[in-house]
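Asks: Using only what follows, build the 3D model:
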Amino acid sequence: QVQVVESGGGLVQFGGSLRLSCTASGHTYSTYAMGWFRQAPGKEREFVAAIGWSGSSTFADSVKGRFTASRDNAKNTMYLQMISLKPEDTAVYYCATSNRPWATRGAGEYDYWGQGTQVTVSS
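Replies: Sure thing, here's the model as predicted:
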């Protein structure tokens, strides 16, 4: 049974920073991609960032230059460093893992999801 657990959300002021963590356990495949999605109230879930097993990453245009992603395969953990946060970044952030090793943007490509962590940016 794969479990995906996010942490690190919270309340931050405009221009502030946060680091989200995502730890996965129980994967059958030894190589897998990890991704972050977010959902704001009244909006659909959207792609934020993804990182493949080799470390290659891709980001949504709205966060490029402000968010960076990294992973520690030995700890089965992915990190999302967020800087210069804006009120429009406010959302529940979900981590997901894919049985495929390459970074991908499509939510349908991910097999396991966490429960989400709230990020709130005040203006």
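Asks: Need phi/psi at Gly108.
Replies: In this entry, Gly108 is assigned phi and psi values of phi -70, psi -10 (degrees, to the nearest 10).
Asks: Tell me how far it lies from Gln13.
Replies: When distance is defined by Cβ to Cβ, to the nearest Å, Gly108 is 35 Å away from Gln13. Heads up, the C-betas are built off the backbone N, CA and C, glycines and all.
Asks: When these two are compared, which one has more neighbours?
Replies: Applying other Cβ atoms under 10 Å to Gly108 and Gln13 shows that Gln13 carries more neighbours, namely 11 against 7.
Asks: That one: what's it in contact with?
Replies: When contacts are counted by Cβ atoms under 8 Å, 6 or more residues apart in numbering, Gln13 is found next to Val121, Ser122.
Asks: Output stretch 109-123 as PDB - backbone C-alpha positions only.
Replies: What follows is stretch 109-123 as a C-alpha-only set of coordinates in PDB (Å, rounded to 0.1, in the frame of the first residue of the first chain):
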ATOM      1  CA  GLU A 109      -0.400  10.200 -14.900                       C
ATOM      2  CA  TYR A 110      -0.200  10.000 -11.100                       C
ATOM      3  CA  ASP A 111      -1.200   7.000  -9.300                       C
ATOM      4  CA  TYR A 112      -1.100   7.900  -5.600                       C
ATOM      5  CA  TRP A 113      -2.100  11.100  -3.800                       C
ATOM      6  CA  GLY A 114      -1.700  12.600  -0.400                       C
ATOM      7  CA  GLN A 115      -4.300  14.300   1.600                       C
ATOM      8  CA  GLY A 116      -3.000  17.800   0.900                       C
ATOM      9  CA  THR A 117      -1.500  20.600   3.000                       C
ATOM     10  CA  GLN A 118      -2.900  24.200   3.200                       C
ATOM     11  CA  VAL A 119      -0.800  27.100   2.100                       C
ATOM     12  CA  THR A 120      -2.200  30.500   2.800                       C
ATOM     13  CA  VAL A 121      -0.500  33.700   1.700                       C
ATOM     14  CA  SER A 122      -1.800  36.900   3.200                       C
ATOM     15  CA  SER A 123      -1.600  40.200   1.400                       C
END
